[in-house]
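>>> A predicted structure for the sequence below; I have some questions about it.
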Amino acid sequence: MGTGMVTCTENRRRLSRFAIATKKGFDTTGLIGVSILVMLCVFMALPTWHTDAQAEPKDPTVSEKPDSDQLYKFIGASSCDGSACHGNSRAHNKLRIGQNEFYIWSQKDKHAKAYEALTNADAKIIARNLRIAKPEQSTRCLGCHAVSVSPERQGRNYEITDSVSCEACHGPAEQWLNPHYRPGFDPQKATSLGMYNMKDLGKRAEKCLECHAGADGKEVTHELIRAGHPRLTFEIDTYTYVMPPHWLPPQENKNREWFNARLWAIGQAAAFRNQIKRLAASRQADFWARPDFTNFDCFACHHAVVDRLRGITKEDENKQLWRRRDYGGKPDRLVWNSSSYEVFRHVVILAASGEGKHLEQLMRTVHEGLTGKGISHGSFNVALRKLSALSDQLVSQVAQYNFTQQSVFSLMKNISGDRRRLSTSGFLAAEQAVLAIASLYDAYVATAGGMSEAKAIKDTIDALYKEIHSGWAFNPTEFEARMNELHRLLSKT
């Protein structure tokens, strides 16, 4: 890159606490390492949709069924590995697709090792703790570690050992495999044939979140985490970057400009919606039941216990979270995990400003209801229903927002300026803030070029990455100081 064009890509590659490092050589043979499949975005080779105006003639052998993704068969990853399809070891840069998508997935993407992770020593310990005899045969594990479908939906080359393969993201290929590469194939027809539209960034994020945040039958509960499974965290742009992508970037300028900023923002909106929908679903299943502990802040409870108040260093004092945390009530009450909201609210202020105050009010009511501050069941459920509907609306509004150099810069500045609220919200919110700033900064450099304080900004972001290396060692005072420095540098630019 030219002078001043310094990006955060090295730290985005490393992210050691997610076992994403590719240059540090972290051991990925254990479940925690290979479980990147629940820590990375779930994409396979992007569909080869044509945009020709002429639609393919009606094929009488193809029956277009409604809700096709629930009806068609999965025919296996080997159906895509031909050298004339997606199996080349080198990309064809002059074509609309690289034709090496399968090769990248099978050789570099940890989704391809997801099933194998269920057979190692770490998985066996977790399974033993959960009283599961064989994790590689358990539906609880296979939901996200493989393409797990009923026997009647298993096609000619289907193999459970294919792991999280092409059809996990692109949908069952029984009907669309043959016609999708023909000239004149109508992309509007694809969904009726079972193909999932991964070009729609909202749908892409939704697909990723099924395993990276949870969906029906794919929950990583507090019980599972206690048994040894890593907690789930997600930021779509960073995780896409380290995947690595096996598809070509958008070719049209209108789609290419600020693409990563749009992807990040839509991912934030979708993650927020997913959390609200999961919470609402748990209430519908059992109105009186306490939501699973994964809805709450892990580190509100799992932090170092104070041994003494006197005779301690300033560093030890800064690590005592009770000195800074806003419990929003009594300290012995649970604290809702607001990490999907604390950064996303800045996107709402930018892209849907009219909904900002309404969203904040609903969030306050829901948070008070979850943390036991005396909100009635009726008020809580009304607020939760409104919040669920609003989360749908916000995904659409964010997807339609046109990012500019000024808006991306403003987001970086506003998030770093929100340092006190983020630090008191805890490690999970701080984690999302650092991932957001790095993603937005790289998007800014890629589209607009460098900043006048580029090296200092890059060094400060690098330092922020160190602050989120471990939830156990998180120091809110140091995090806030780093964010303050970043905000100062951005204000000078």
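Arrived safely, thanks for sending.
>>> residue closest to the middle of this structure?
residue 234 (3.1 Å; C-alpha atoms, centre = their mean).
>>> over to it. Which of the three states is it?
Secondary structure state of residue 234, per DSSP: H, G, I helix; E, B strand; the rest coil, is coil.
>>> might one say that it is in contact with residue 211?
No: Residue 234 lies out of contact with residue 211 (C-beta atoms under 8 Å); the separation is 9.4 Å. To be clear about C-beta, it is placed using only N, CA and C from the backbone, and glycine gets the same treatment.
>>> kindly state the pLDDT recorded for the residue nearest to the centre of the chain?
Listed pLDDT for residue 234 reads 91.
>>> phi first, then psi, for it.
Here is the backbone geometry of residue 234 (degrees, to the nearest 10): phi -160, psi 140.
>>> separation between it and residue 429?
14 Å (C-beta to C-beta, to the nearest Å).
>>> what of residue 118?
32 Å.
>>> likewise residue 358?
21 Å.
>>> higher neighbour count, the two?
residue 429 (21 against 14; other C-beta atoms under 10 Å).
>>> need the contact list for the more buried one.
338, 339, 342, 343, 422 (C-beta atoms under 8 Å, 6 or more residues apart in numbering).
>>> was I right about the third one contacting residue 423?
No: with contacts counted by C-beta under 8 Å, residue 342 stays clear of residue 423, the gap being 10.5 Å.
>>> for the two, indicate the residue with more neighbours.
residue 423 (27 against 23).
>>> chain center to the host helix or strand of the more buried one: distance?
Here residue 423, judged by DSSP states H and E, is contained in helix 419-425. On the basis of C-alpha atoms, centre = their mean, to the nearest Å, helix 419-425 sits 22 Å off its chain's mean C-alpha point.
>>> now do stretch 133-149
21 Å.
>>> over that stretch, what's the mean pLDDT, rounded is fine.
96.
>>> so which residues make contact with it?
Residues contacting stretch 133-149 (C-beta under 8 Å, 6+ apart): 37-38, 74, 114-115, 117-119, 123-124, 126-127, 130, 132, 158, 160-165, 167-168, 172, 210-211, 217-218.
>>> what about the residues you listed, which are in strands?
Per DSSP state E, strands hold no members of those.
>>> out of the residues you listed, which are buried?
37-38, 74, 114-115, 117-118, 123-124, 126-127, 130, 132, 158, 160, 162-165, 167-168, 172, 210-211, 218 (16 or more other C-beta atoms under 10 Å).
>>> which ones among these lie within helices?
In this view, those that belong to helices under DSSP state H are 114, 115, 117, 123, 124, 126, 127, 167, 168, 210, 211.
>>> and which of these is nearest residue 484?
residue 211 (36.0 Å; C-beta to C-beta).
>>> chain neighbours aside, what residue packs nearest to the closest one?
Once flanking residues are discounted, residue 211 sits nearest to residue 144: 3.9 Å by C-beta to C-beta, 6 or more residues apart in numbering.
>>> for the one you found, grab phi and psi.
phi -120, psi -10.
>>> so which elements touch the top helix by length along the chain?
What stands out as the longest helix in the chain, according to DSSP H, is helix 259-285. Helix 259-285 sits against helix 201-212, helix 236-241, helix 339-342, helix 344-351, helix 377-400, helix 427-448, with contacts defined as 3 or more C-beta pairs under 8 Å, 6 or more residues apart in numbering; DSSP states H and E.
>>> which residues touch residue 103?
86, 87, 88, 89.
>>> report the buried members of those residues.
86, 87, 88.
>>> what's the closest of the residues you listed to residue 239?
Using C-beta to C-beta, the buried ones among the contacts of residue 103 come closest to residue 239 at residue 86, 21.4 Å.
>>> quick check: the closest one vs residue 403, distance?
In terms of C-beta to C-beta, residue 86 sits 31 Å off from residue 403.
>>> then residue 126?
Taking C-beta to C-beta, one finds residue 126 at 41 Å from residue 403.
>>> next: residue 393.
Relative to residue 403, and taking C-beta to C-beta, residue 393 is found at 19 Å.
>>> who has more neighbours out of these two?
Neighbour totals were compared for residue 393 and residue 403, and residue 403 leads with 22 against 13 (other C-beta under 10 Å).
>>> ok so, going back, need the contacts of residue 429 in CSV (columns: distance to residue 203 and pLDDT).
Listed next are these as CSV, based on distance: C-beta to C-beta, whole Å; pLDDT from 0 to 100:
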residue, distance to residue 203, pLDDT
338, 25, 90
339, 23, 92
342, 25, 96
343, 22, 97
422, 29, 95
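>>> top of the residues you listed by neighbour count?
Most surrounded of the contacts of residue 429: other C-beta under 10 Å gives residue 343, at 29 neighbours.
>>> if we can go back for a sec, what is the most widely separated pair among the ones in helices among the buried ones among the contacts of stretch 133-149?
So, those by C-beta to C-beta: farthest apart are 124 and 167, at 27.7 Å.
>>> among the helices and strands of this structure, which one scores worst on average pLDDT?
Across the helices and strands of the chain, mean pLDDT, DSSP states H and E gives its lowest value to helix 31-34, namely a mean of 32.
>>> okay, now residue 293: neighbour count?
16.
>>> likewise for residue 150?
6.
>>> in the host helix or strand of residue 105, which residues are buried?
Applying DSSP H and E as the criterion places residue 105 in helix 101-108. Buried residues in helix 101-108, counting neighbours by 16+ other C-beta under 10 Å, are found at 101, 102, 103, 104, 105, 106.
>>> quick one, what contacts the fourth one?
When contacts are counted by C-beta under 8 Å, 6+ apart, residue 104 is found next to 244, 246.
>>> just confirm residue 100 contacts residue 85, I think it does.
No: assessed by C-beta under 8 Å, residue 100 is found out of contact with residue 85, at 10.2 Å.
>>> now for these two: what residues contact both?
By C-beta under 8 Å, 6+ apart, no residue touches both residue 100 and residue 85.
>>> I'd like the average pLDDT over stretch 215-222.
90.
>>> low pLDDT regions in the stretch 201-350 of the chain?
253-254, 284-289, 304-309, 319-333 (pLDDT under 70).
>>> need the contact list for residue 457.
Contacts of residue 457 (C-beta under 8 Å, 6+ apart): 6, 441, 451, 486, 489, 490, 493.
>>> avg pLDDT for the one helix or strand it maps to?
Using DSSP H and E, residue 457 falls within helix 454-467. For helix 454-467, the mean per-residue pLDDT is 96.
>>> put the alpha carbons of that helix into CSV.
Taking Å, rounded to 0.1, in the frame of the first residue of the first chain, the C-alpha atoms of helix 454-467 are listed here in CSV:
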residue,chain,number,x,y,z
ALA,A,454,-2.4,6.5,9.9
LYS,A,455,0.6,4.9,11.8
ALA,A,456,-0.4,6.2,15.2
ILE,A,457,-4.1,5.1,14.6
LYS,A,458,-2.9,1.6,13.4
ASP,A,459,-0.7,1.2,16.5
THR,A,460,-3.5,2.2,18.8
ILE,A,461,-5.9,-0.3,17.2
ASP,A,462,-3.1,-2.9,17.6
ALA,A,463,-3.0,-2.0,21.3
LEU,A,464,-6.8,-2.3,21.6
TYR,A,465,-6.5,-5.9,20.2
LYS,A,466,-4.3,-6.8,23.1
GLU,A,467,-6.9,-5.4,25.5
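>>> taking helix 454-467 as reference, get the angle to the helix or strand just after it.
Sequence order places helix 476-492 as the next helix or strand after helix 454-467, per DSSP H and E. Angle, helix 476-492 to helix 454-467, by axes from the mean of the first three to the mean of the last three C-alpha atoms, to 10 degrees: 160 degrees.
>>> ok, now which ones touch residue 255?
Contacts of residue 255 (C-beta under 8 Å, 6+ apart): none.
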